[in-house]
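S.K.: Okay, sequence plus prediction incoming.
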Amino acid sequence: MSGIAWAIDHGVETLATPEFAWMYMTDVTNWDDPPARFRLNGPFTTGSIGTTEIPGQALREWRLRDVGPPHSYTIEIALEGAVIVCKWQFAKLPGGRTRLRQTITLEGENTAPYKEDVKGAFAPGLAPGMNRIARAINAAYVQNQASS
């Protein structure tokens, strides 16, 4: 693979500890991005394969890479001669909070045919999606703390 043809990233803070945020985000049943539905075939470990189903589109397969609990994991979506890479990072902040960061890149030797579609698919929704994820993690964390 050659260099990065396009990249975007966004970070958000959560009330949750890195361990809780990790637990939440590595349970794909918590991935809420309608109308997409996500499935993981096997454990949340390096090499596991997942799928994304969006009505009216072909099933999209992805692979987990570099899973390093509770600090980071990467999702790769293979294209013809290119790859979309979504790296998630979980950084501990003062007071036990967590900073979540997602970096999305388009890499490879054949990125030109995909660049505008990838940018259009990910750029508009990244910040709102990350904010929605932070709110969901916060709500789950508060509920967990109240029931403990």
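M.R.: Here it is on my side, so go on. Numbers count the residues shown, from 1 in each chain.

S.K.: Let me see the mean pLDDT of the longest helix along the chain.
M.R.: For the chain, the longest helix by residue count, based on DSSP state H, is helix 115-147. What helix 115-147 shows for mean pLDDT is 95.

S.K.: buried set for stretch 77-89?
M.R.: Neighbour-count burial for stretch 77-89, counted by 16 or more other CB atoms under 10 Å, picks out 77, 79, 82-89. For the C-beta atoms, the positions are set from N, CA and C on the backbone; glycine is no exception.

S.K.: What about the residues you listed, which are in strands?
M.R.: Residues of the buried residues of stretch 77-89 located in strands (DSSP state E): 77, 79, 82-89.

S.K.: Dump the residues you listed to CSV, plus distance to P128 and pLDDT.
M.R.: As requested, those are arranged in CSV below (distance: CB to CB, whole Å; pLDDT from 0 to 100):
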residue, distance to P128, pLDDT
I77, 20, 97
L79, 25, 96
A82, 25, 97
V83, 24, 97
I84, 19, 97
V85, 21, 98
C86, 16, 97
K87, 19, 98
W88, 17, 98
Q89, 19, 98
